[in-house]
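**Q** The following comprises the amino acid sequence and a computationally predicted model.
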Number of protein chains: 2
Amino acid sequence: MTDESSEIAWLDPEQQRSWRAYLVGTTLLMDRLDRELREQHNLSMPEYEILVRLSEAEDRRMRMAVLADSVSHSRSRVTHTIARLERAGLVERAACMSDGRGVEAVITDRGVDALREAAPTHVSGVRRFLVDLAGDDDFDALGRVFNTVTDKLISANPAADIR
Amino acid sequence: MTDESSEIAWLDPEQQRSWRAYLVGTTLLMDRLDRELREQHNLSMPEYEILVRLSEAEDRRMRMAVLADSVSHSRSRVTHTIARLERAGLVERAACMSDGRGVEAVITDRGVDALREAAPTHVSGVRRFLVDLAGDDDFDALGRVFNTVTDKLISANPAADIR
DNA sequence: AGGTTCTCGTTGAATCTTCAACTATCGGCC
DNA sequence: GGCCGATAGTTGAAGATTCAACGAGAACCT
């Protein structure tokens, strides 16, 4: 294209095909999983993910910042998401004893129930549209790649705050 | 968990690790690439993708529906995105001659320039945070997986309208 | 103590996306 | 020609996410 383009490391056609497949595939996949959760369980993907983290946490509760880091969403976003979940009665907020600024999100019994109901739907979607389509080796490769990507982006973006 | 859970094909721990790495990694990656484009070139990822498609198209123009399909966004979304790009002077709309309902999006010279400027930034990001981190074989695997995912989700979602 | 600086989490507005409803045109059919 | 269902694209409001600014408490330093 321009003069400087000769110095730029463009993607070769095959790499470009893979990159675009990833972009489009991810869009379609997230869209689909989100839609299934919404229609069948009235939950969005981000909400679902947060419920999962909380349900696995010690004492079913997590500090907002830890929660935000664990899903890699901004703190503001988590605040809003938790607010929605709280309105739905699936989560409650509790002041943090050890830190006056702190807030803990706690999944309620109803939250656990909602998650239990939604989980099979979700997992089946992940299987049908991703895991079972990929060979085991390819799926392992995917895991390796994105573990590396995550490491790189976490350490490149110093410390906690995603933003 | 519940009784029926014994019949459900959950993900084994390693699969779960990969799935979550993909989720988190994708979040971080898209976030990062979007931010770089925005800060350095005042473009979002979806806007960038659309400019790319248009720039590659015959005569630099595409029907809205074709464009929407090619990036796998809803038509409404593309309408809004194009409206923004039009406001920025990077794209124009033109009535379609062969079909009275049709609208073609055409990338302007300014649009081509903007894309030319942004492309090196973007490609470098894709390389630094994904392509160059993955071994060639792993990256190929990623391409295979998402080509399959895309095929499955396109055919599963009969015909054009993504939603 | 007092002051400074940092982190925690929230807030409300701006931006982007989704959703449902709508207009207009096309295409087939009678 | 005229009707009828399907398709193209838009619209505006509702919903979700980002962004910048903020208040409150912690941590540190003297």
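**A** In hand now; what should we look at?

**Q** Now do the residue of chain A found nearest DNA strand C against residue A:101, distance only.
**A** Here the residue of chain A nearest DNA strand C is residue A:65; by CB to the nearest atom of the strand that distance is 2.8 Å. The C-beta positions use only the backbone N, C-alpha and C, and glycine is treated the same way. Distance, residue A:65 to residue A:101, by CB to CB, to the nearest Å: 10 Å.

**Q** Who has more neighbours out of the two?
**A** Shown here are residue A:65 and residue A:101; by other CB atoms under 10 Å in any protein chain shown, residue A:65 has more neighbours (15 against 8).

**Q** Which helix or which strand is home to that one?
**A** Assignment of secondary structure by DSSP states H and E places residue A:65 within helix A:64-71.

**Q** any idea of the mean pLDDT in that helix?
**A** Averaging pLDDT along helix A:64-71 yields 98.

**Q** Restricting to C-alpha, output that helix in PDB.
**A** What follows is helix A:64-71, C-alpha atoms only, in PDB (Å, rounded to 0.1, in the frame of the first residue of the first chain):
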ATOM      1  CA  MET A  64     -15.800  -6.700  44.100                       C
ATOM      2  CA  ALA A  65     -12.200  -6.100  42.900                       C
ATOM      3  CA  VAL A  66     -11.300  -9.800  43.000                       C
ATOM      4  CA  LEU A  67     -14.500 -10.700  41.200                       C
ATOM      5  CA  ALA A  68     -13.700  -8.100  38.500                       C
ATOM      6  CA  ASP A  69     -10.200  -9.400  38.000                       C
ATOM      7  CA  SER A  70     -11.400 -13.000  37.800                       C
ATOM      8  CA  VAL A  71     -13.700 -12.200  34.900                       C
END
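
**Q** list the contacts for the residue nearest in space to the middle of chain A?
**A** Geometric centre of chain A, nearest residue: residue A:71, 4.9 Å, by CA atoms, centre = their mean. The neighbours of residue A:71, taking CB atoms under 8 Å, 6 or more residues apart in numbering or on different chains as the test, are A:46, A:49-50, A:53, A:78, B:24, B:27.

**Q** which of these lies closest to residue A:92?
**A** residue A:50 (13.1 Å; CB to CB).

**Q** Would you quantify the distance from the closest one to residue B:43?
**A** In terms of CB to CB, residue A:50 sits 30 Å off from residue B:43.

**Q** who has more neighbours, the two?
**A** residue A:50 (29 against 26).

**Q** hang on, isn't the more buried one packed against residue A:66?
**A** No: between residue A:50 and residue A:66 there is no contact under CB atoms under 8 Å: 11.6 Å.

**Q** Which pLDDT value goes with residue A:3?
**A** 60.

**Q** go on, the one 4 residues further on?
**A** The per-residue pLDDT reported for residue A:7 equals 83.

**Q** Count the neighbours of it for me.
**A** Using other CB under 10 Å, residue A:7 is surrounded by 7 other residues.

**Q** Could you do residue A:10 as well?
**A** Using other CB under 10 Å: residue A:10 sits among 13 other residues.

**Q** other SSEs contacting the longest helix along chain A?
**A** Using DSSP state H, we find that the single longest helix of chain A is helix A:13-41. Judged by 3 or more CB pairs under 8 Å, 6 or more residues apart in numbering or on different chains; DSSP states H and E, helix A:13-41 is in contact with helix A:45-56, helix A:109-126, helix B:136-156.

**Q** Give me the helices and strands touching the first one, please.
**A** Packing contacts for helix A:45-56, counted by 3+ CB pairs under 8 Å, 6+ apart, involve helix A:13-41, strand A:61-63, helix A:64-71, helix A:75-87, strand A:91-95, strand A:103-107, helix A:109-126.

**Q** pLDDT (mean, whole number) over it?
**A** 98.

**Q** Check which residues of it are buried.
**A** By 16 or more other CB atoms under 10 Å in any protein chain shown, the buried positions in helix A:45-56 come out as A:45-54.

**Q** Name the surrounding residues that touch that helix.
**A** A:30, A:33-34, A:37, A:43, A:60-62, A:67, A:70-71, A:73, A:77-78, A:81-82, A:84-85, A:90-91, A:105-107, A:111-112, A:114-115, A:118, A:122, B:23.

**Q** Next, see if that helix gets close to DNA strand C.
**A** No: for helix A:45-56, no contact with DNA strand C is found by CB under 7 Å from any atom of the strand; the gap never falls below 10.9 Å.

**Q** tell me the phi and psi of the closest residue to residue A:102 other than its chain neighbours?
**A** With sequence-adjacent residues excluded and distances taken as CB to CB, 6 or more residues apart in numbering or on different chains, residue A:102 is closest to residue A:96, at 2.9 Å. Note on residue A:96: its backbone torsions stand at phi -90, psi 130 [degrees, to the nearest 10].

**Q** can you tell me which residues contact residue A:96?
**A** A:63, A:102-104.

**Q** buried stuff in the lowest-mean-pLDDT helix or strand in chain A?
**A** Least confident helix or strand of chain A, by mean pLDDT, DSSP states H and E, is helix A:136-156 with a mean of 94. Residues of helix A:136-156 classed as buried by neighbour count (16+ other CB under 10 Å): A:138-150, A:152-154.
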